[in-house]
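Q: starting from these lines, generate the structure:
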Amino acid sequence: MPRTTFDIVILGTGPVGCALALGLARHAPDPARIALMGPVRELARQVLGGCSHEIRVEADGADLHQALAAVPGVKSVRADADGGYILQAEADVRAQAAQAAVLAGARLRGLAVSTPSLDRIYHHTFAEDPAS
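A: Residues are numbered from 1 along each chain as shown. From the prediction side, this is the model:
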């Protein structure tokens, strides 16, 4: 079965991005070929279920799973192999995660945030369907 070809359009935010989106929509030879369109952060929200930030919390002491899961905007928490925690969140919640960790009795060693890459969004969107 032949694969359908799609285009991905990445736009900036603000008036320039909106004008570009409108122009592309009006002049695209086949608008149905545009699979995704928008700024990378918005594409991450659309494709990855609202989680545009991944936050790594490194702390000693208390088990922080419940405290970190209760931070507003955190969608999931998992422990990593190094004893830290990985949070999937709707926004950068480092300050709230740090506060939750300290209030739970932990000694905070580090916080890091990353946003999904375009590569991750692309592969998530166009991953091979295991059923086919």
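Q: what sits opposite the residue lying closest to R109 once chain neighbours are set aside in the beta ladder?
A: Distance criterion CB to CB, 6 or more residues apart in numbering; nearest residue to R109, sequence neighbours excluded, is E58 at 4.2 Å. No exception for glycine: its C-beta is placed from N, CA and C like everyone else's. In this entry, E58 is beta-bridged to G110, by DSSP bridges.
Q: count residues in the vicinity of E58, would you?
A: By other CB atoms under 10 Å, 17 other residues sit near E58.
Q: H123 now?
A: When counting by other CB under 10 Å, one arrives at 12 neighbours for H123.
Q: helix or strand for it, which one?
A: Using DSSP states H and E, the element containing H123 is helix 118-126.
Q: in that helix, what counts as buried?
A: Neighbour counts over helix 118-126 (16 or more other CB atoms under 10 Å) mark I121 as buried.
Q: which neighbouring elements make contact with that helix?
A: Contacts defined by 3 or more CB pairs under 8 Å, 6 or more residues apart in numbering; DSSP states H and E place helix 118-126 against strand 7-10, strand 34-38, helix 40-47.
Q: ok, now which ones touch the residue nearest to R109?
A: D82, G83, G84, L108, R109, G110, L111 (CB atoms under 8 Å, 6 or more residues apart in numbering).
Q: how near is the closest residue to the last one other than its chain neighbours to D119?
A: Counting by CB to CB, 6+ apart, L111 lies nearest to R94, which is 4.7 Å off, once chain neighbours are set aside. Look at R94 and D119: by CB to CB, to the nearest Å, they are 24 Å apart.
Q: residue contacts, G84?
A: With contact set as CB under 8 Å, 6+ apart, G84 has these partners: R56, V57, E58, A59, G110.
Q: want to throw these into a markdown table with distance to A89 and pLDDT?
A: Converted to a markdown table, the contacts of G84 look like this (distance: CB to CB, whole Å; pLDDT from 0 to 100):
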| residue | distance to A89 | pLDDT |
| --- | --- | --- |
| R56 | 11 | 94 |
| V57 | 11 | 95 |
| E58 | 16 | 94 |
| A59 | 17 | 91 |
| G110 | 17 | 93 |
